[in-house]
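Enquirer: Kindly generate the corresponding structure for this input.
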Amino acid sequence: MDVRINRNERIRVLLAAALDGTLSDAQAEELVAFDPDLVKLAILAAVKRIAEQNERIAEQKDCIAELNAKLDGPPKVDPSTPSGQRPIYTKPPSPKRKGKPGAKKGHVGTRRPTPQRIDEHKEHRLDRCPCCGGKLQRCNRKRTRTIEDILEDLRTVVTEHTIYRDYCPKCRKHVEPTVPDALPNATIGHRTVALSAYLHYGVGVSISQVQDLLGGQFQTRLSAGGLVAAWQRMAVIFEPWYVQIAEQARLSAVLHADETGWRMNGQTWWLWCFANRTTCYYLIDPSRGGPALDKFFVEAFDGVLITDFWPAYNAFATERQCCLVHLLRELEKVDEHNHSAEWQAFAKTLRRLVRDGIRLRKRADFSPEKYASRIVRIDRRLRAMAEAEYADADASRLAKRLWRHCDELFTFLDYPEVTFDNNLAERMIRPAVILRKVSQSNRSEKGAAVQAVLMSVYRTLKLRGHDPLATITSTLRTHLTTGQLPSLPVPSVADG
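Expert: Below you'll find the model as predicted:
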């Protein structure tokens, strides 16, 4: 009995050594001497153990790679670097949305309105049942269905104008009537020019795609040079509107401002955007600081300027609202690498302060007079955070920013028409960013000027509730007929 126990115990020791990788030659021979089948079992167990360890090692490598990706983030590049020169990398997945898509339950439904004009009527009736082929008994039940579609034959209209020249004895010269359907010496009409410019500057379609669309669907073949020349002539005509847009933006009570990198013939320029609910003005300039803002503001802005924390705006705004969304994004960015207790406490307190201000502003009965005491308490909490001392570098840096902008973070609580974010300017600048990616910005200063004028005109007309194509076409006809450019259209009644 004792011999059998010792034998089994010895076999377990030898098998354990084989699985641990410490089995010697003498121990292997001893295991074979006990039973050759034990060697087979030991080898299978070792193979299984190795496979499990390899799987764990692979999982650890994946975790390490994912952690490094989160810590390092995408490659750091200069904001003025064109997209074609940026390194390719895989973006991290976007965070999952918290709420369900669509409107909230109980929201009034919205659908496309019924067309006011019916161009054609068609009737549909079966002769036989589609299921059994039997004869149908006629009833008075019926329903209507309205379908809108684009005609297959989208041909352009070619008109030959016969222009008579008659002699005036009093003036002693020949005179002829003006043709209001196209610019002088032009062979394409106003609507084609307005549509092509809107596709490029308003929607962000490339010039080659505009050519394909006009040549394929509308059977109007135009060269890239012809399109650009027509747009340049149109920009000269609408230059007074561009000036009016700038003046109206400067006189507004609330104005959003933002800037983004631009390329002009391969050089780093900047596209500035100044917008409110009814006006949008673009400026393309080589400067990202005071020189560009001097061209727009001329003097200090008398209203409330809503911007990010870029310090170039400081000298031009008497009152300013800094975007709180940018501040919250900064907190999230620092959270990715700073896990100190002091920073976590600072960020939590600042988030609570910002959200308290936003919640107060969103109250249905909010007014600065009614909640004056709460606004004062929020201001005191902000100043207390800005004046405190912090050992953490990130907390100290943001506290200095709070101190510099103490009077510019909760301006929206003093003026109900002021928002706490700069989303409007970012939405207005997004079409230019799309066009920058499609067309790689501009090749000349003249092209940049044309782009600024036409983008400003089209975007402003859209904000004011006007049809850009119809408005541009009718304005060009009026300009050729009267020799005067009408005033910039005011906001429509529907838009207030």
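Enquirer: Quick check: the residue nearest the centre of the chain vs residue 352, distance?
Expert: Among the residues of the chain, residue 430 comes closest to the average C-alpha position under Cα atoms, centre = their mean, at 4.5 Å. Residue 430 is 31 Å from residue 352, where distance means Cβ to Cβ, to the nearest Å. In short, each C-beta sits where N, CA and C put it, glycine included.
Enquirer: where do the strands sit along this protein?
Expert: Taking DSSP state E as the test, the strands found in the chain are 166-168, 173-175, 254-264, 267-275, 280-285, 301-307, 317-322.
Enquirer: Quick check: chain neighbours aside, which residue is closest to residue 195?
Expert: Spatial nearest neighbour of residue 195, excluding adjacent residues (Cβ to Cβ, 6 or more residues apart in numbering): residue 469 at 5.9 Å.
Enquirer: wait, doesn't that neighbour sit right on residue 196?
Expert: No. Contact between residue 469 and residue 196 fails when scored by Cβ atoms under 8 Å: they sit 10.4 Å apart.
Enquirer: pLDDT wise, what is the nearest residue to residue 381 once chain neighbours are set aside at?
Expert: With sequence-adjacent residues excluded and distances taken as Cβ to Cβ, 6+ apart, residue 381 is closest to residue 353, at 5.4 Å. pLDDT recorded at residue 353 is 95.
Enquirer: count of residues packed around residue 353?
Expert: 18 (other Cβ atoms under 10 Å).
Enquirer: thinking it is in contact with residue 378, fair?
Expert: Yes. Residue 353 is within contact range of residue 378, at 6.8 Å (criterion: Cβ under 8 Å).
Enquirer: which intervals of the stretch 351-496 of the chain have sub-threshold pLDDT?
Expert: For the stretch 351-496 of the chain, applying pLDDT under 70 flags the ranges 493-496.
Enquirer: At which residues are the helices of it located?
Expert: In the stretch 351-496 of the chain, the helices defined using DSSP state H, counting those that start in this stretch lie at 372-387, 393-404, 423-439, 445-463, 468-482.
Enquirer: and the ones you listed, which is most packed in?
Expert: With neighbours defined as mean count of other Cβ atoms under 10 Å, the helices of the stretch 351-496 of the chain peak in mean count at helix 445-463, which reaches a mean of 22.
Enquirer: In this structure residue 425 contacts residue 273, no?
Expert: Yes. Residue 425 is within contact range of residue 273, at 5.5 Å (criterion: Cβ under 8 Å).
Enquirer: Between the two, which contacts overlap?
Expert: In terms of Cβ atoms under 8 Å, 6 or more residues apart in numbering, residue 425 and residue 273 are both contacted by the residues 256, 257, 258.
Enquirer: quick one: the first one and residue 422 touch, right?
Expert: In this case it means residue 256. Yes. Counting by Cβ under 8 Å, residue 256 touches residue 422, with 5.6 Å between them.
Enquirer: How about residue 126, nearest residue that isn't a chain neighbour?
Expert: Once flanking residues are discounted, residue 126 sits nearest to residue 136: 6.1 Å by Cβ to Cβ, 6+ apart.
Enquirer: From residue 107, how far off is the one you found?
Expert: Separation of residue 136 from residue 107 (Cβ to Cβ): 42 Å.
Enquirer: Distance check, residue 338 against residue 396.
Expert: Residue 338 is 12 Å from residue 396, where distance means Cβ to Cβ.
Enquirer: Touching both of those two, which residues are there?
Expert: With contacts defined as Cβ under 8 Å, 6+ apart, no residue is adjacent to both residue 338 and residue 396.
Enquirer: count of neighbours near residue 142?
Expert: Neighbour count of residue 142, defined by other Cβ under 10 Å: 8.
Enquirer: try residue 148
Expert: Around residue 148 there are 8 other residues, counting by other Cβ under 10 Å.
Enquirer: from now on call the first residue 497
Expert: Okay, using 497 as the starting number, the last item reads as residue 644.
Enquirer: now it, nearest residue through space, not along the chain?
Expert: In space, and not counting its chain neighbours, residue 644 is closest to residue 611: 6.0 Å by Cβ to Cβ, 6+ apart.
Enquirer: Go ahead and confirm that neighbour touches residue 643.
Expert: No. With contact defined as Cβ under 8 Å, residue 611 does not reach residue 643; the gap is 9.5 Å.
Enquirer: higher neighbour count, the two?
Expert: Neighbour totals were compared for residue 611 and residue 643, and residue 611 leads with 10 against 6 (other Cβ under 10 Å).
Enquirer: Dihedrals phi and psi, residue 866?
Expert: With angles defined as degrees, to the nearest 10, residue 866 sits at phi -70, psi -40.
Enquirer: Next: residue 677.
Expert: With angles defined as degrees, to the nearest 10, residue 677 sits at phi -90, psi -10.
Enquirer: Among the shared contacts of residue 921 and residue 769, find me the one that's closest to residue 543.
Expert: Proximity of the shared contacts of residue 921 and residue 769 to residue 543 (Cβ to Cβ) peaks at residue 754, which lies at 62.6 Å.
Enquirer: Could you point out the bridge partners of the closest one in the sheet?
Expert: Beta-bridge pairing for residue 754 (DSSP bridges): residue 769.
Enquirer: Count the neighbours of it for me.
Expert: Counted with other Cβ under 10 Å, residues neighbouring residue 754 total 22.
Enquirer: Verify the stated contact: it with residue 928.
Expert: No. The pair residue 754 / residue 928 is not scored as a contact, 10.3 Å apart, by Cβ under 8 Å.
Enquirer: which residues do the two both contact?
Expert: Overlap of the contact sets of residue 754 and residue 928 (by Cβ under 8 Å, 6+ apart) consists of residue 769.
Enquirer: hmm, back to that, okay, the shared contacts of residue 921 and residue 769 in CSV with distance to residue 725 next?
Expert: Shown next, in CSV, are the shared contacts of residue 921 and residue 769 (distance: Cβ to Cβ, whole Å):
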residue, distance to residue 725
752, 34
753, 33
754, 31
